[in-house]
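Visitor: I would like to see how this sequence folds:
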Amino acid sequence: MPESVPTPTRYDGLLAALPASVAGGVAAGWLSTLSTVAGLGVGGLAAAVLVAVSLFAVPPE
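Guide: Model prediction:
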């Protein structure tokens, strides 16, 4: 009997969004006139905002 696939939660989405925002910032810095460090900083700031929202605005149950 095949096992069922678990349904992803919002925490799974958060874990996927954190490195995606940092990688997106680096890619934006690499492909634009911004420096790569500035892109990394913007992506890291976006990841920090995601963590803050998930911890304080919508706390875990």
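
Visitor: What values do phi and psi take at the most centrally placed residue in the chain?
Guide: To find the centre residue of the chain, average its C-alpha atoms and take the closest one (C-alpha atoms, centre = their mean): that gives Leu18, at 2.1 Å. With angles defined as degrees, to the nearest 10, Leu18 sits at phi -60, psi -60.

Visitor: what's near enough to touch it?
Guide: For Leu18, the contact set (C-beta atoms under 8 Å, 6 or more residues apart in numbering) comprises 47, 50-51. For every residue, glycine as well, the C-beta is placed using N, CA and C.

Visitor: gap between it and Val5?
Guide: For Leu18, the distance to Val5 (C-beta to C-beta, to the nearest Å) stands at 23 Å.

Visitor: ok, now Ser54?
Guide: Using C-beta to C-beta, one obtains 24 Å as the distance from Ser54 to Val5.

Visitor: Please apply the same query to Ala57.
Guide: Using C-beta to C-beta, Ala57 is found at 29 Å from Val5.

Visitor: Ala38 too?
Guide: Per C-beta to C-beta, Ala38 is found 40 Å from Val5.

Visitor: Which one's more surrounded, those two?
Guide: Ala38 (15 against 6; other C-beta atoms under 10 Å).

Visitor: which residue sits closest to that one in space, ignoring its chain neighbours?
Guide: Spatial nearest neighbour of Ala38, chain neighbours left out: Gly29 (5.6 Å); criterion: C-beta to C-beta, 6 or more residues apart in numbering.

Visitor: Any buried residues in the strand or helix carrying that neighbour, and which?
Guide: Assigned by DSSP states H and E, Gly29 belongs to helix 10-31. By neighbour count on 16 or more other C-beta atoms under 10 Å, the buried set for helix 10-31 is 17-18, 21-22, 24-26, 28-29.
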